[in-house]
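>>> Provided below for reference: sequence and predicted model.
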Amino acid sequence: MKTGTKMMRKPRAATAKVVKYNDMDSDLSFAHTMSSDEDSDEWGPPEPKTKAKTARAPAAAKRTAKPKEPKAPKEPKAPKEPKAPKEPKPPKEPKPPKEPKAPKQPKAPKVPKEPKPRAPRKTAAERKTQAPKRPKDSGASGVAGTKRKKVENEAKEDKGGTQTDFPERTEESGPSIRMKEERVSFIVSEAHQADIWTGEGSSRAGLGVKKEEAPEEDFTFDEPCLKKQKTSGACLGKPTALPSSEAQSLRNELNMNWDMTELLSTLTCVEQWVCVNIVTLLREENTVPFMVRYRKEMINHMDADAVRDVQMTYEALCSLAKKTQSLIQTLKKDGVLTAELEQDLRSCQSADELDHVYSPYKKGSKLTKARRAKALGLEAAVTSLMETPHSLDLRVYIKPGTEGLTTLEEVATGVEHILADIIAKDPDTLTFVKTLCERSFVTIQSSVSKTALKDKEQGKSVPDQKKMKAEQNKTKDIDKFHLYFDFTSNVQRIQPHQTLAINRGESLKILTVKVNIPDRVKSDFTRWCINNRWRPKTFAREELNAIIRNAVEDSYKRLILPFLTRGYRTKLTSAAEKESIAMFVRNLRQRLLVCPVRGCVILGVDPGFRHGCKLAVLSPTSQILHTDVVYLNNQGQQREADKLRHLMIKYSCTKVVIGNGTACRETESFFADLISRRFFHPLDVSYCITSEAGASIYSVSPEAVKEMPDLDPNLRSAVSIGRRVQDPLAELVKIDPKHIGIGTYQHDVSTGALKAALDGVVQECVSFVGVDVNICSEMLMRHVAGLNAGRARSIAEWREQKGPFINREQLKLVKGMGPKSYQQCAGFIRINPQTLQSVKSSLEPAAAAAPEKSAAKKGKGKTGVSVPTSFNPLDQTCIHPESYHVAHRFLSFVGGHVDQIGSAGLRNCVESKVKTSCVEELARTLDTTPETLKLIMDGLTQPPGFDIRQNFGQADFKRGIVSMSDLQVGAVLTGRVENTALFGAFVDIGVGRSGLIHKSNITLDKLPVSQRRRSLALGPGERVEVRVLSVDSQRGRIGLDLIRVLQ
């Protein structure tokens, strides 16, 4: 497959950016998470370039070696590779099934076999030959049967050698997708374990599968494999050599008339080979964080947002294919399925198109005019009208006793209805009318509905007080949409937030919405149909031409125009939802990655009037030291102030965190006044305001009850508010992301898509930051890639029963931790030596009982798993266990030792070695990839306890207060972004009201270069310098202009 010859439009240039090693945290940043493809060693999904002659176990080793063939000097080495695996040939059980497959090289025609059944169907009628054209005309990247054959023939001619590889790869990869890797064990020799895990996705076919045994022998990730899987050739746009059979198998599975890879590539603007790789990785149950960090080359250095976008599009296409298959079965059961209709359904590339084709056949819907006419036998008249109109006599079809055929006019009307239906479903016709619309000024218009006007009038004339209040509230809701009472915009220029606002107004029956398509489109379309597409083949009489003209006009008005309108509305809504979800994702990521405030005692305050302000004093490790309630906004304030001073001095608390809910402004004034009077002397006290969104919901949740069983829910809120500043990530993961108060229009977007995206970004943030397995909470652990609630609970139970984890290898002993789960989570779980020592010392009295428990645990299904019992310094880094042997080779190469991790001496050794020879040269010397080596160098040189969040902003603590009345137009202030919407960013400038920077004032030249990308735009937590443009005290609105983003 010539993967490199055809690149799709608008490739993600940013994803292929090469990051210099000097940026120590570059591998962990979300803009470009430089990660390693050390996966190439043992974990890598199998590469396609395998030789057909090899047996199944050696095939895995050969796959790892094969990519070396493109390098001229190493070509002789490729044939040598089979000899290494051939030594441990005793386990010949897997070989017999494979050897018959090796001679099946002549089965190369199997690749093009799939289109063959469709080729006759497509040439059987005019419609079938046109069906493949539709995707090509519309730019949707569908495939015609003839074109596919041509491409495959070219591939055969150009790549004779590689073509023979494809059949075997097809046979191998086919069955590989259906199995879940967690509980699978293979009957193979120990010598092949590393290789089998390397080809885990494909080399399972034909091997004995046992579900009752635990897969102990598959845990050999730290052993070096026989040969490294070289994928460095794929860097910067070169494919990782996955075969066309992969895409072919996808197409066969979906059983649609379009090519999955091409369509996915078109919809996501990602190269086809990358799409194939991502889909393959997803089908092998790899998580997005794991792919972004440890499978960098396979996904062409894409970021997590881009990979998630491909994942969502792929899932949508699979859902479409599944729905299509279901509809075909339904229609077949009803006896209305024809070969032509089936082809039309399988050619649909969106839910809208599918609905358009299927709607006439829906159960419960009235029999369409066209189907009624067909039932009367007028279909032959339509065929004759288009093919041989000179010999058509409609009077032949008149049947005086039959309804619909009693007069010539009724017969002509029936013919018009059938022809109108054919026109409306013709791919070429729909493509042409869409092209006309693209060239025209199509607008979307909204206006106030008659129902809303009627409700507004009723509200003014209601005498009853209770009813009047209800009507006034309704009127307020109506007034919120006053901007859209007479709104018109070009569909290509309308903003996402406008689309969502219009949709909400329409759902509340406040607005009526319509799409205006110019009349010129209708006239041009009618002329084209009559003179070109639907022109009879021979001379037609005037009355027959009139029937065709009427059919075209009826088809446009009754069928095509509603279809176009629905299409525009769906596209606008889909684009707006996608942008809104992207905004949520961006905001949540930056909220979760706010730098924690460590090493100090914090006072969390949940402000209130009637029930007082709830207080919680938290230790530097977030332990609850004291809780109380004070009434700062009532009489006796001096007594409450004295109580506060006593608490602050007793616990040496210098930081106060106030929730931004009810009474926040009054509580802030109270603390600011005490601080200005040096009331807490000798302590230097400062305070900050933080969002308390979701704190009340969390305080009554089962997780909060389990964590703080003896506390009142109101006091739990104060604890949550304080912890949000101490460690935002650890605290906010306990709350449903949609309750954190980020983004806009969350109730107007798809709930499922929003939840999936937000859960994905939580997993991404937790994984990239990393968790210390010996001290992190169960709630935090369940968000690590590869773990879930059950596995997190098992890890917590293991930790309670047997003490702290000494190394990552011990995770294999945990109940429910299979090879795939361990592969996904191991790189994101850390063993910190300081916390390990402190936990050990606190558990010394119980140390004697630990060995007995350990022995008891070993006997429970994990007897064959042998793990070391000593601490491994590499377990505190971001280096994956699969690359430990490479890390050791690198350390010996630079003259370092694992005990020097994070030291200045080791950093100097690494830097001097990189200066003398580039990273690529070092990678070749160490027989690894540059990405693997960069990740290893980062892991070895980052200081102990390194946290990527230290590069993000911290909460702003202050001592004084400014009111809105102090603001003047033109004043330059600094503030922190609180939230971003589709129309701008809200900035807290410390006056109790957030100011709005309209999006027109957020231009690229004002943003740092590192943030001029989709995944790191202006978002919550950013410190900015702004200029006041306007102050509206009555409405409480402040307009701001962005000057620059503060680093």
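Now that the structure is in, tell me what you want to look at. Numbering: from 1, shown residues only.
>>> leaving out the residues flanking it, which one is nearest to residue 996?
residue 984 (5.2 Å; Cβ to Cβ, 6 or more residues apart in numbering). Using the backbone N, CA and C atoms, a C-beta is placed for each residue, glycine as well.
>>> mind listing what that neighbour touches?
996-999, 1001-1002 (Cβ atoms under 8 Å, 6 or more residues apart in numbering).
>>> Throw those residues into CSV and include pLDDT, thanks.
Shown next, in CSV, are these (pLDDT from 0 to 100):
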residue, pLDDT
996, 90
997, 89
998, 88
999, 83
1001, 84
1002, 84
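>>> of those, which pair is most distant in space?
996 and 1002 (10.8 Å; Cβ to Cβ).
>>> buried stuff in stretch 925-938?
926, 928-938 (16 or more other Cβ atoms under 10 Å).
>>> and what of stretch 811-829?
811-815, 817-829.
>>> from residue 1026, how far off is the residue nearest to residue 1023 when sequence neighbours are not counted?
Excluding its sequence neighbours, the residue lying closest to residue 1023 (Cβ to Cβ, 6+ apart) is residue 1046, at 4.2 Å. For residue 1046, the distance to residue 1026 (Cβ to Cβ, to the nearest Å) stands at 10 Å.
>>> anything in contact with each of the two?
residue 974.
>>> between the two, who's got more neighbours?
residue 1026 (24 against 13; other Cβ atoms under 10 Å).
>>> re earlier: what about the residue nearest to residue 996, distance to residue 1026?
Distance from residue 984 to residue 1026, by Cβ to Cβ: 12 Å.
>>> about what we covered before: can you turn the buried part of the contacts of residue 984 into a PyMOL selection?
Here is the PyMOL command that picks out the buried ones among these, judged by 16+ other Cβ under 10 Å:
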select buried, resi 996+997+999+1001+1002
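>>> save the contacts of residue 984 as JSON lines, and put in secondary structure and distance to residue 605 too.
Formatted as JSON lines, the contacts of residue 984 follow (DSSP: H, G, I helix; E, B strand; the rest coil; distance: Cβ to Cβ, whole Å):
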{"residue": "996", "secondary structure": "strand", "distance to residue 605": "27"}
{"residue": "997", "secondary structure": "strand", "distance to residue 605": "29"}
{"residue": "998", "secondary structure": "strand", "distance to residue 605": "33"}
{"residue": "999", "secondary structure": "helix", "distance to residue 605": "34"}
{"residue": "1001", "secondary structure": "helix", "distance to residue 605": "34"}
{"residue": "1002", "secondary structure": "coil", "distance to residue 605": "33"}
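>>> secondary structure element holding residue 270?
Residue 270 belongs to no helix or strand when assigned by DSSP states H and E.
>>> that one and residue 303 touch, don't they?
No: Residue 270 is not in contact with residue 303 according to Cβ atoms under 8 Å; the separation is 11.9 Å.
>>> residue 256 and residue 969, how far apart?
Residue 256 is 60 Å from residue 969, by Cβ to Cβ.
>>> who has more neighbours out of those two?
Higher neighbour count among residue 256 and residue 969: residue 256, with 21 against 10, using other Cβ under 10 Å.
>>> helix/strand/coil for that one?
coil (DSSP: H, G, I helix; E, B strand; the rest coil).
>>> where does pLDDT dip in the stretch 351-500 of the chain?
364-366, 459-476 (pLDDT under 70).
>>> what ranges do the strands span in it?
Ranges of strands within the stretch 351-500 of the chain are 443-448, 486-490, based on DSSP state E, counting those that start in this stretch.
>>> counting neighbours, what do you get for residue 285?
Residue 285: 18 neighbours (other Cβ under 10 Å).
>>> ok, it touching residue 819?
No: using Cβ under 8 Å, residue 285 is not in contact with residue 819, being 10.9 Å away.
>>> and the buried residues of stretch 811-829, which of them are in helices?
The helices, defined by DSSP state H, take in 819-825 from the buried residues of stretch 811-829.
>>> which of those residues lies closest to residue 522?
residue 824 (55.7 Å).
>>> leaving out the residues flanking it, which one is nearest to the closest one?
According to Cβ to Cβ, 6+ apart, the nearest residue to residue 824 is residue 786 (2.7 Å).
>>> and that neighbour, how far is that from residue 899?
29 Å.
>>> out of these two, which sits in the busier spot?
residue 786 (24 against 8).
>>> hmm, the more buried one is touching residue 288, no?
No: Residue 786 lies out of contact with residue 288 (Cβ under 8 Å); the separation is 11.2 Å.
>>> ok, back up a step: now, which of the ones in helices among the buried residues of stretch 811-829 sits nearest residue 796?
Of these, the one sitting nearest to residue 796 (Cβ to Cβ) turns out to be residue 825, at 14.1 Å.
>>> need the contact list for the closest one.
Residue 825 is in contact with 784-787, 811, counting by Cβ under 8 Å, 6+ apart.
>>> 10 Å - rerun?
287, 289-290, 767, 771, 773, 781, 784-787, 791-792, 795, 808, 811, 817 (Cβ atoms under 10 Å, 6 or more residues apart in numbering).
>>> need the overlap of contacts for residue 786 and residue 288.
By the contact definition Cβ under 10 Å, 6+ apart, residue 786 and residue 288 are jointly contacted by 763, 767.
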